[in-house]
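S.K.: Here is the input, now give the coordinates:
(one chain, ligands or ions: 2)
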Amino acid sequence: MGIIRAKNLIYNYIKRDEEDKIEEINEAVKDVTLDIEEGEFVAVLGHNGSGKSTLAKHMNALLLPSEGTIWIGGRDTKAEEALLEVRQTAGMVFQNPDNQIIASVVEEDVGFGPENMGVPTDEIWRRVDECLQAVGMSAYREVSPNRLSGGQKQRVAIAGVMAMEPKCIVLDEPTAMLDPNGRREVIRTVRELNKKKGITVILITHYMEEVIHADRIYVMDEGAIALEGTPEEIFSRVEELKNFRLDVPQVTELAYNLRKKGIPLSPCILDIQDFVRELAEFRKQRVSL
Ligand code: ADP
Ligand code: MG
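M.R.: Numbers count the residues shown, from 1 in each chain. Ligands and ions are numbered 1, 2, ... in the order given. Modelled structure (predicted):
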């Protein structure tokens, strides 16, 4: 059984009036079934309002299902006594790094989680060293987080979650507030955590270019899982992705149309350089025939 597993998960936001009568029901997650293995890098892609954050909040028991079940590390999140274990298994990183940084010095911020968990002091410092190194922020350990860029802050936030040694990290649009450089830093860091440390990663995003290295992608639309597959499988369904209001880069669509005409380009082309390189390769082969 996977480290994160959901079966027929439904979540409704319920709005009530002053007399506690139900005024409105918003079905944010509709019948989601998924299974994520330990060590996998899974991306969840979807347009704004498709239910990604609501689903993510179930992975850490910040929300409990209206119907259906979600198990984290084999524990049903509805069981009250499982709460601590669930939160320890799956750490969360959110969109805005400013809301996640608490201490006035980087190293204290990273040590805050394990300290709260009652980890002995020596072990806290060992983890702080290791985690800052893993996110490439060791040189900043005595700096005030206020002086860091958005990407650096987000990497400190990731180190802070890592220091609690979760098996799994759920990142809910961690790059949404960052510039392109910051976005690259964060995605690179997350990939390394997955590859080198074997941490299971669930990366939630609406940027297609961030999911290309995932082992598997779930595409959400209107609260449901609309597509599931490897990046190659997902990227070869350009028309459907557009129907789910995802921005398909122009060059991906062009490559997709050329592939349909029989030109052997790879399905995951996202930038113009790759496109030009592959097309040049194809021409070279044709000329030499
Ligand atoms: P995403 O993260 O993909 O943008 P969300 O999970 O935030 O999607 O939202 C899914 C749906 O639930 C949307 O229709 C949104 O308006 C609604 N929603 C989200 N949070 C709340 C809330 N606290 N109360 C009521 N409705 C909400
Ligand atoms: Mg969201």
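
S.K.: the strands in this protein, which residues?
M.R.: Counting by DSSP state E, the chain has these strands, from start to end: 4-16, 22-36, 41-46, 67-72, 75-76, 90-93, 168-172, 200-205, 216-221, 224-229.

S.K.: quick one: the third one near ligand 2?
M.R.: No - counting by CB under 5 Å from the ion, ligand 2 has no neighbours in strand 41-46; the shortest distance is 8.6 Å. Using the backbone N, CA and C atoms, a C-beta is placed for each residue, glycine as well.

S.K.: so where is this structure shaky, pLDDT-wise?
M.R.: Scanning the chain for pLDDT under 70 picks out the ranges 289.

S.K.: near ligand 2, which residues of it?
M.R.: Counting by CB under 5 Å from the ion, the chain sits next to ligand 2 at Lys52, Ser53.

S.K.: can you list the residues of the chain near ligand 1?
M.R.: By CB under 6 Å from any ligand atom, the residues of the chain that approach ligand 1 are Tyr13, Asn26, Ala28, Gly46, Asn48, Gly49, Ser50, Gly51, Lys52, Ser53, Thr54.

S.K.: swap the cut-off to 5 Å and go again
M.R.: Within reach of ligand 1 by CB under 5 Å from any ligand atom, the chain has these residues: Tyr13, Asn26, Ala28, Asn48, Gly49, Ser50, Gly51, Lys52, Ser53, Thr54.

S.K.: ok, back up a step: make CSV out of the strands of the chain and add mean neighbour count.
M.R.: Converted to CSV, these look like this (neighbours: other CB atoms under 10 Å):
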stretch, mean neighbour count
strand 4-16, 16
strand 22-36, 16
strand 41-46, 25
strand 67-72, 20
strand 75-76, 16
strand 90-93, 23
strand 168-172, 24
strand 200-205, 24
strand 216-221, 22
strand 224-229, 17
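
S.K.: Could you dump those into TSV with distance to Leu148 added?
M.R.: Listed next are the strands of the chain as TSV, based on distance: least, CB to CB, whole Å:
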stretch	distance to Leu148
strand 4-16	30
strand 22-36	31
strand 41-46	26
strand 67-72	31
strand 75-76	35
strand 90-93	15
strand 168-172	18
strand 200-205	22
strand 216-221	31
strand 224-229	36
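
S.K.: just to revisit the earlier point, which one among the residues of the chain next to ligand 1 gets closest to Asp98?
M.R.: Proximity of those to Asp98, judged by CB to CB, is greatest for Ser53, which lies at 17.5 Å.

S.K.: Am I right that that closest one is in contact with Ile204?
M.R.: Yes - counting by CB atoms under 8 Å, Ile204 is a contact partner of Ser53 at 7.3 Å.

S.K.: shared neighbours, these two?
M.R.: Residues touching both Ser53 and Ile204 (CB atoms under 8 Å, 6 or more residues apart in numbering) are Asp172, Glu173.

S.K.: And Asp179, how far from ligand 1?
M.R.: Distance of Asp179 to ligand 1, computed by CB to the nearest ligand atom, to the nearest Å: 21 Å.

S.K.: what does Leu246 give?
M.R.: 12 Å.

S.K.: Pull the contacting residues for that residue.
M.R.: For Leu246, the contacting residues are Leu45, Gly46, His47, His206, Met208, Val219, by CB under 8 Å, 6+ apart.

S.K.: would you turn those into JSON lines with distance to Val276?
M.R.: As requested, the contacts of Leu246 are exported to JSON lines (distance: CB to CB, whole Å):
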{"residue": "Leu45", "distance to Val276": "26"}
{"residue": "Gly46", "distance to Val276": "30"}
{"residue": "His47", "distance to Val276": "29"}
{"residue": "His206", "distance to Val276": "26"}
{"residue": "Met208", "distance to Val276": "19"}
{"residue": "Val219", "distance to Val276": "28"}
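
S.K.: For ligand 1, state which of those is nearest.
M.R.: The shortest approach to ligand 1 among the contacts of Leu246 belongs to Gly46, at 5.1 Å (CB to the nearest ligand atom).

S.K.: Provide the partner residues of the residue nearest to that closest one when sequence neighbours are not counted in its beta bridges.
M.R.: Using CB to CB, 6 or more residues apart in numbering and skipping residues adjacent in sequence, the residue nearest Gly46 is Met220, 3.5 Å away. Legend: beta-bridge partners of Met220 under DSSP bridges are Gly46, Ile225.
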